[in-house]
Each structure stands twice: as structure tokens, then as C-alpha cells.
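Q: the amino acid sequence is not available; the structure is as follows:
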């Protein structure tokens, strides 16, 4: 079961049936699209940086020129979303307006300006027998992405994939279906106008769940598959895929407030990490407070959060110190709220905090607030997450903030890449050996 | 179905039942072993390079001290292998004698001498707001390996995993069961003597197929799984695993003899690539000869190969030029012989050679013999394999030859690592962020 397809179950199915004839008319299968993407990837791999920048500029201009059409399509998605009662958080992620379409075009131009990773020599040497070895970055080939109802991902990923010489096959959330259909068409037309095969950007949205399934089973056609979205979407993709997957994004993010945590750092970091943009994966979900500091910190932090409209799900200790706390259950510790909710718990020792994180963290980002060097360094060494922080907001786990210029996602697995992924993470490498008749002794 | 378990089907099952009581007595499950490995990996991650080198030296000494026991156990495997009629190629890979046990110990010492990748800072910078970012190498945690009847892999992988701070869980081919049981026991005892938890090296051989299955389904416990062996073993592991996998090894390796290929380079490279060690993955399996050069090269190369005992499976053109050629079928082009067999085909153009490779290659290694720069560079650019060569033997695709000091396997996938894998490829990275109260604007 693909969560992206089932997130708004009833309207999705109804909607899918409306679109089904289009796919039937052309008698295309999702596999046909994968094969065309694979074929296109041989061409995109050989584009120069110049060619790719030119094609991306064409996409940016086309997005701007088609802003009205894009926003009109998006309005249909928003309307259907409201009718089916998806929350305001999802509506916010789904919405495109003039400013956001301009931001999409601007993001594509930013990607066009990034250094091209393809062809970069990352290693090499001359073997004792005179054979020269060179390890160079090459595109993956076909990058598949399964994501939720965020139309900006459609454009971001297609642009990042193209800049790194890859073809992309997209499978977005059905709630963004109208928006994605128009965005993909606009981008493909722009590619064609720029002399690049439009087959380099494919969608399988119109095949419903079969599209996602084809991506997950597309061995030999999909070189890497990136799920972006909820924990359940990621779990499904990881479990059902037989192609290489990069797990991204699910963030049950923790902040530990150590005994020595200064009032201002503790308050500012927790509030920023929860409130600045609660719907994204680097927002904090659970705060663990060391017992010794609890009387000082818990009421102060809770009050600051509550004045920002945050609902606190606390253990007995927290509930005893603060009015209006919702009693936390086991489920709260494991929940990625992605909303103005936070779990709060008092722990006896740093060991207990580390054990809690080991049990519930999704390995995305954790931060400690402390002025005790020993505790900070122990936390940095022992927490097994993609990004581990001392005295900084978890909201900094972001490709833009890390200086990558763009972000493909945040990898929470250990293979290939971990943490925010930039352009280079969408490439593989290849060894080139040049000899003059050498054989092995 | 795991090929490693089924490679000698009847004797395997009989053998498994003999050993079953051991597992039953302790009431252990394969999952228990994975959990103990995971727990141990928290300890191995924190070992210093010194600690790890000390533990590896203890293992090397223990292998030497127990050579007689190891060879005696291996003799049982060899005997059973002969009875069940496994080929001489497999027997060769299975065999341990005094010299080979000494080589195992020596290989462990080589690994102990390799630079420790853990803690290496591979990136980082100061963010504009003053937060410092550092990207450091960290162990994966638990490295699982599913492999065939090669006892040297048991020791190599355990040593490489430990040097890079990982715990290992091993699942070897059942034909090497006696050898592996003794090798793992010797290594675990050595670890304990060196003050390192023996749980850092685990085997699940005694659970039969359930052991392999536990590795493949061990999400949360197995950080990376490396299948080493035949194409069917790798296919099974890739298809059935829900943990991250690195595909290794299957090599349907091609050499293209261009029009301009000099006689001596062509002959020496093809003969070396086929004959020097036919049972390994970087041995050549198919030779493609450009039509223009066929009358000059085919009889000469064929004769050189035949005089080394190689059987030639050729197309009509080859069969018309050389006596004693076995007519090649479609299956020959797709076969990794791993024996003194070779497929040979005449192609009209370099385009045809590239198309043949695209269709049949497993993406391991291909080489062209040519003095035409344009053809060499085109081949290097367009062939989509882990290692692409001009004028060198494919046998050079090897961690030792590449100067890594050791080899975990040869990755034929594009994610994480491609080509020969060294120690660094058994690590992940982690971002450390150190701030002073910074929040995101």
C-alpha cells in the first residue's frame, strides 16, 4: 500500500478513474515510461553543463510564463483537498500562488547555477605497472521519486536530477495531481524547446498505485528511488522496493535540555525548532528535560510554547508543573506530529535521554542544549543520527542551510549519503583505467 | 530461495539437520544474534584504532595457532564437497591448507595496518551564523554478509568490518560449514582474549536458510547487507531484502578487440583475463571482435586460448575460422562461466559492441583493446560499468590491485560505492553541528 496514493483515499480513487482513459488511449504502461526514461538518461548523461543550464533556464521561463495555468490547476487540488478534509498543514504544503511559482522558477535557476558534479574526478592514481586509474562522477541514470502532495518537489527534483545528468520519473501525492500534471507538461515542453529529449522528465501519476509499484519493482530501469514524505510512505517504499532506495525525511526529532542548559538558549532553540515551520521533518517533536533542570526549565519552556499555540503532551512530571498539558501516551514518544504539538518528558540522567533517543528516534536530527562540554561531546559521539547538534536549532538540518544550494531530501539511512543531500548525492562514480597492454602477474 | 543454501542441495539439508540440535539447545533465534551484534556495534564504534589493531593481531595469532584444527575442519568440507560432486573450481575456492591459513593470518595483519577510516573528517564548514559543521566517518553498525563456500571471506569480512568499527553477521555457503564454524569460534575467542566483545563477530550459518532470511529482513538491526557470490545469490538477496544492500561481484565481463588492436596486446590481455584465475568475477567471459580485425585476430587469439585449455563458444563467424568451436547460443552471451570457457563473437561496428555490452553486461568491468584514441575514449565514456578499461586486463579490477590494501567486494550497483570496495566503503558519515544558541530566521 502506498501512502501517497491512499492519503485521501476516497477522492483519490474517484479521481484516478477520471484520468484512467488517458493512459488507456495511448496503451502505455508505467514500464514503457521507465524504459523511455532509461533511454533518455543515456542522452542526459552526455549533456554538457552548458546544455543543462540552458535547459533549466528554459524550464524556469516556462514556469513563469505558465504561472496562471499552474495556479488554476493547483486551485482545483486545493478545493478537492478542502472537500476531503485534509488538514491545513497539508493544504499549506500543497498551495501554489504567484509568489510560490516565482520561487519555483527561481529555485530552478539556482540549480542551474550550481557546479555540475558530473565529470568531477574524485580519486585516482597510477598503478605500479603504469595503468592510470581515475574515479569520476557519473549520473545515476534514472532517479525515481515517490512523494506526497508537494508540487514544489515535482519541480525541484526534476531540476536537480537534470542538473546532475539524470532522467527522473516522478510519482507525486494524488492530492497534488492537477498541479503535477501541468508542471510536468510545462517542464517537458520547455525541454523540447531547448533541444533536450522531453523523455528525461516522466510522471507515472496517471497510473495510480501501479505507477508507484512500477518504480519500486523497476530493477534495471530505476537506478535509485527516493521516497519523500511520511514515515509510512517511506516504510512502504523500503519494504516493497527491489531497486536501491535512499530513505529520506521522517524525523522524530529530539531536543535534550541538559542541567546546564541556559534559559535563553533552551527557550529560543525549542520554540524555534517547533514553531518556525512545524510541518517539516526537521521540526522538533519531543523535548527531554534533565530532572535537575526541570523545575527551572519546564514551566518556562512550556509557557513560551503555549503562547505560540503549541499543545504539550507531557509525562506526569510535566503535567504536574504546567496547566493544560495533555497526558502523553507511549504513542506520543513515537509520533512525528508535523503540527503545533510537542511531547515533553523529564528524564533522570543523560543516559536515560540517550536510551529514549535510541528507542524512538528515526535517526534524522537530535540536539542537546548544554554548556557542559563533556555532555555535549558525549551526545555528539553517541547519538546515531544523520545530524547531531549541540546548542543549535534542529531546523538547520537543511540542504540550503548546509550550503548545498538545493536539497534532494534528507537521508536517514547510512548507505550512500546521510543527512541533507545535494547534487553530488545524485551521482555515482565510475573507474576509468587506461593502460598499454598490461596484464596481471 | 538462497543460492548459498541450495548450492549443494541434498547434502546441505542432511547436514543442516545434524547441526539443528545445537541451535535448539540454546533456544536462540537468528534475531537474537542480530540484536547482540547491534548491541556490540555500539562498543566497536568506540574502539580506538589501537584497540582494533590489537584485537586483529590477536585474531591473526589465533588463526596461526589453530591452523591444524582449521585445516581438519576444512578437510571434512572438501570431502563432503567431492562426494556431492561440486566442481573443481568450487573445491579450489573452498580449500584451506597451511599456506592458505598463513595467508589468512597475514591478510588480517594487513587489515590491522590499514588507516582507520573512523573519525576521518570528510567535510565541513562554518555556517554564516557561526554554527560549525563537521562531516565525520562513522561505522555503519552491523554489516551482514551472505556469501558462498569461500572460507577466506569469513575471515576477510570479519577483519575488515572490525577495522572499520563494525560488528559483522556472517552467513556462508553451507559447503564451507565446518570450516566457517571453526574460523568464527577461533576469531570470537581471540576477541574475548583481547578484551573486545566476541558478539562483534556472529555467524547465522547454523540456522540454515532462516539465518539468511533474518539478515535480509533485519531492518533496524542490519545497517548494510553485502551478498558475495553468484548472480543468482545476489539476485535473491536484492529481491528479498528490506535492509540496504550493496550488490557485488557478478561479472559477465567483456573485452572488445577493436580494428586497431595490436596482436600482442589483444592476445596477452585476453589470455590473461581468462586464464590467470578463471573462477573469479573479474575474469573475462565474452570477447567481441570487430569484423575488420576478425581474420587477423580470431584464429590467433583462439589458438592461444585453446593451447591454455580454454573451450571457445563462438558465433558462426568464429566457428568458420577456428576448429573445435562450440556453437554459441543466446545463453552463452549471458553466462558468467567462471571456468575455462569463453564466448566469442564478431561484431560489425563499435556501436554493435556497445549495444551487446549494454544488453548482457552485469556492469562489473569491460575493456577495449585499441590504439585508436577516439574509440578508446568513446568506450570509456559510454560503457556504464563500475570499471571501464582501455588496453588493460580486466583482472585488475580488484581492491588489492587498486591499492586499497584489502577488498570487501566489487560493487556493481551505483549507490554508495561502485567498483572495488575498501575500508572506507564500510563506513557511513554523520554531521556534527556545534552552536551557541543559534536559531533559524
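A: Thanks, I have it. This one's a predicted model, so the numbers in the text were calculated from it and none came from an experiment. Numbers count the residues shown, from 1 in each chain, chains lettered A, B, ... in the order given.
Q: test my guess that residue A:290 contacts residue A:350.
A: Yes. Between residue A:290 and residue A:350 there is a contact at 7.0 Å, judged by CB atoms under 8 Å. C-betas here are computed from N, CA, C, even on glycine.
Q: between those two, which contacts overlap?
A: Residues touching both residue A:290 and residue A:350 (CB atoms under 8 Å, 6 or more residues apart in numbering or on different chains): A:256, A:258.
Q: and residue A:299, how many neighbours?
A: Applying other CB atoms under 10 Å in any protein chain shown, we find 14 residues neighbouring residue A:299.
Q: how about it: what's its closest non-neighbour residue?
A: residue A:321 (5.4 Å; CB to CB, 6 or more residues apart in numbering or on different chains).
Q: what about the one you found, how many residues nearby?
A: Residue A:321 is flanked by 18 other residues according to other CB under 10 Å.
Q: OK, contacts around it?
A: Counting by CB under 8 Å, 6+ apart, residue A:321 touches A:294, A:295, A:298, A:299, A:302.
Q: how confident was the prediction at it?
A: On pLDDT, residue A:321 comes in at 97.
Q: tell me how far it lies from residue B:95.
A: 70 Å (CB to CB, to the nearest Å).
Q: with residue A:337 instead?
A: Using CB to CB, residue A:337 is found at 59 Å from residue B:95.
Q: same question for residue A:75.
A: Counting by CB to CB, the separation of residue A:75 from residue B:95 is 72 Å.
Q: likewise for residue A:241?
A: Taking CB to CB as the measure, residue A:241 falls 39 Å from residue B:95.
Q: looking at these two, which is more packed in?
A: Between residue A:241 and residue B:95, residue A:241 has the larger neighbour count (other CB under 10 Å), namely 24 against 18.
Q: what about the more buried one, distance to residue B:166?
A: 24 Å.
Q: can you report phi and psi for residue A:440?
A: With angles defined as degrees, to the nearest 10, residue A:440 sits at phi -90, psi 130.
Q: tell me the contacts of it?
A: Residue A:440 neighbours (CB under 8 Å, 6+ apart): B:272, B:276, B:393, B:395, B:396, B:401.
Q: residue A:319 contacts residue A:327, doesn't it?
A: Yes. Residue A:319 is within contact range of residue A:327, at 6.1 Å (criterion: CB under 8 Å).
Q: any regions of the stretch 1-150 of chain A where pLDDT drops low?
A: Of all residues in the stretch 1-150 of chain A, those with pLDDT under 70 make up the ranges A:1-26.
Q: which bits of it sit near chain B?
A: A:42, A:46, A:125, A:127, A:131, A:133, A:135, A:138, A:140, A:141 (CB under 8 Å from any CB of the partner chain).
Q: can you rerun that using 10 Å?
A: Within the stretch 1-150 of chain A, the positions near chain B by CB under 10 Å from any CB of the partner chain are A:41-42, A:45-46, A:119, A:123-136, A:138-141.
Q: check the stretch 201-350 of chain A too.
A: Residues of the stretch 201-350 of chain A lying near chain B by CB under 10 Å from any CB: A:217, A:219, A:223-225, A:235, A:238-247, A:262, A:264-273, A:276-277, A:282.
Q: show me how chain A divides into domains.
A: Listed by automatic domain parsing, the domain ranges of chain A are A:3-240, A:253-396.
Q: one step back: the more surrounded of residue A:319 and residue A:327?
A: Taking other CB under 10 Å, residue A:319 and residue A:327 do not tie; residue A:319 has more neighbours (17 against 11).
Q: excluding covalently adjacent residues, which one is nearest to the more buried one?
A: Nearest to residue A:319 is residue A:325, by CB to CB, 6+ apart, at 4.3 Å.
Q: pLDDT of stretch A:245-256, averaged?
A: Stretch A:245-256 carries an average pLDDT of 90.
Q: and the end-to-end length of that stretch?
A: 31 Å (CA to CA, to the nearest Å).
Q: go through it and flag the buried ones.
A: For stretch A:245-256, burial by neighbour count (16 or more other CB atoms under 10 Å in any protein chain shown) applies to A:245, A:246, A:247, A:248, A:249, A:250, A:251, A:252, A:253, A:254, A:255, A:256.
Q: mind listing what the nearest residue to the third one once chain neighbours are set aside touches?
A: Looking back up the chat, that one is residue A:247. Counting by CB to CB, 6+ apart, residue A:247 lies nearest to residue A:413, which is 4.2 Å off, once chain neighbours are set aside. Contacts for residue A:413 (CB atoms under 10 Å, 6 or more residues apart in numbering or on different chains) come out as A:234, A:238, A:245-248, A:363, A:386, B:223-224, B:243-244, B:415-416, B:428.
Q: report pLDDT for residue A:413.
A: Note on residue A:413: pLDDT of 88.
Q: sweet, I'm off.
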